[in-house]
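Asker: Predicted model and sequence below, questions to follow.
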Amino acid sequence: MLFSLFAVHSVSAADYTPKDIPLNSDEAKARFKADLQWYLKYGHFVISNGPYILSMYSPENLYLKLEKFNGKRTVFNDDPKLPKDGYADVIEYQGVQNEETIILQVAKGEFDVGLFAFGANKYQGLGSDVLANLNLYKSASSSVELSINPYKDPDQDAPIVTVGDNVYFNPFAIRKVRFAMNWLISRNYIIQNIYQGSGAPALSGITRATRPPSTSIPSTRRSTSPPTETRTSPSR
C-alpha cells in the first residue's frame with residue numbers, strides 16, 4: 001500500500017501553485033495539488049491506494065472511521081484470489097478502556113466485531129445465552145518457545161564450554177539431545193493443562209493463516225478493540 005504523509009502550512013488550494021518543486025514534471029505538480037485538495041477535504045495526508053478512506057479520527061475518543069472509496073485506484077496486485085475492493089461501506093473502530101466488558105458488548109449487539117484475542121478460559125462460565133450470540137474464530141495471537149543454547153568451544157569437537165579456567169559440559173551442543181527435546185516436552189499437555197485448551201502445537205515458526213472474514217457481517221461494521229495493545233494468550 002502506498003502512502004503520502006507530510007505536513008503543510010495553511011494555504012488556499014485555488015491560489016496554490018507548486019512553483020518550488022524541484023521537478024520538471026507536470027505529473028508531479030498535479031500530484032502535489034491533488035494531495036493538497038485531499039488535505040483541504042479530509043484534514044489529513046493519509047493517502048493510499050487502498051479501498052478505504054480515513055474519514056474521521058478522534059484519538060481522544062478512541063474512535064476511527066473508514067469509508068469505502070469507489071473512485072479509480074491503481075492496484076499493484078493482479079492475484080485473482082486477493083480481494084481488491086472493500087466489502088463494507090463503512091467501518092467504525094471504537095476503542096474501549098475496560099476489556100472485561102467487551103465480550104458482553106459484542107454479545108448484546110453493541111458492536112458487530114470484537115478485535116481482541118482471549119484464551120478459551122475467558123469464555124468459560126459465560127451463560128449459554130451469551131455464547132449463542134458469539135461467533136468465535138481461532139487466531140494465532142502469540143506463541144511460546146523454549147530457547148536452547150547450542151554453544152560449544154569452536155575449536156573443540158566435544159560439547160564443552162570454556163569460561164576462564166573452568167570447563168563446562170553443555171548437552172544442548174549435541175544435536176541429538178536438542179532433537180530429543182521434541183519428545184521430552186509434551187506440547188499437548190501444556191496446551192490442555194496450562195492454557196486450558198487455548199492453543200495448538202507448533203512444529204515450526206510458520207503460522208497457518210486464519211480463516212477469511214465472513215461476508216455475513218452488515219455493511220456498516222462497528223468494531224471494538226483495546227485502545228493500546230491487545231493482551232493475548234498463547235495460541236501454540
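Answerer: That came through, no problem. Numbering: from 1, shown residues only.
Asker: Leu66: neighbouring residues, count only.
Answerer: 22 (other CB atoms under 10 Å). C-beta coordinates here come from the backbone N, C-alpha and C atoms, glycine included.
Asker: That one contacts Gly50, doesn't it?
Answerer: No: using CB atoms under 8 Å, Leu66 makes no contact with Gly50, being 9.2 Å away.
Asker: tell me the SS of the most centrally placed residue in the chain?
Answerer: Compute the mean C-alpha point of the chain, and by CA atoms, centre = their mean the closest residue is Ser141, 9.0 Å away. Here Ser141 is recorded as coil under DSSP: H, G, I helix; E, B strand; the rest coil.
Asker: distance of it from Gln105?
Answerer: 20 Å (CB to CB, to the nearest Å).
Asker: Pick out the least confidently modelled helix or strand of this structure, by mean pLDDT.
Answerer: The weakest-scoring helix or strand in the chain, judged by mean pLDDT, DSSP states H and E, is strand 220-225 (a mean of 45).
Asker: in this structure, which spans are helices?
Answerer: For the chain, helices defined by DSSP state H occupy the ranges 26-42, 102-107, 128-131, 175-184, 187-189.
Asker: Tell me where the protein has strands.
Answerer: 52-58, 63-68, 90-95, 113-114, 160-163, 166-169, 220-225 (DSSP state E).
Asker: between those, which gets nearest to Tyr151?
Answerer: strand 160-163 (6.2 Å; CB to CB).
Asker: Just the buried positions in the closest one, please.
Answerer: By 16 or more other CB atoms under 10 Å, strand 160-163 has no buried positions at all.
Asker: before we move on, what about stretch 85-92?
Answerer: 86, 88, 90-92.
Asker: Repeat that for stretch 103-120.
Answerer: In stretch 103-120, counting by 16+ other CB under 10 Å, buried: 103, 105-107, 111-114, 116-119.
Asker: And the furthest pair within the residues you listed?
Answerer: Asp112 and Gly119 (22.5 Å).
Asker: hang on, the earlier thing: right, and the helices of the chain - which one's nearest Pro80?
Answerer: Nearest of the helices of the chain (CB to CB): helix 26-42, 29.4 Å.
Asker: Kindly provide the whole-number mean pLDDT of the closest one.
Answerer: The average pLDDT within helix 26-42 is 85.
Asker: Now find how far off-centre it is within its chain.
Answerer: 30 Å (CA atoms, centre = their mean, to the nearest Å).
Asker: what do you get for stretch 114-121?
Answerer: On CA atoms, centre = their mean, the centre of stretch 114-121 falls 14 Å from that of its chain.
Asker: Equivalent analysis for stretch 52-69, please.
Answerer: Offset of stretch 52-69 from its chain centre (CA atoms, centre = their mean): 17 Å.
Asker: List the contacts of it.
Answerer: Contacts to stretch 52-69, defined as CB atoms under 8 Å, 6 or more residues apart in numbering, come from residues 42, 44, 46, 50-51, 85-86, 88-97, 227.
Asker: rewinding a little: so among the buried residues of stretch 103-120, where is pLDDT lowest?
Answerer: Gly119 (75).
Asker: I'd guessed it sits against Ile191; true?
Answerer: No: look at Gly119 against Ile191 with CB under 8 Å: they stay out of range, at 10.6 Å.
Asker: Could you tell me which residues touch both of those two?
Answerer: With CB under 8 Å, 6+ apart as the test, Gly119 and Ile191 both reach Ser198.
Asker: From Pro154, how far out is the spatially most distant residue from the centre of the chain?
Answerer: In the chain, the residue that sits farthest from the middle, by CA atoms, centre = their mean, is Asp165; the gap is 49.2 Å. Distance of Asp165 to Pro154, given as CB to CB: 18 Å.
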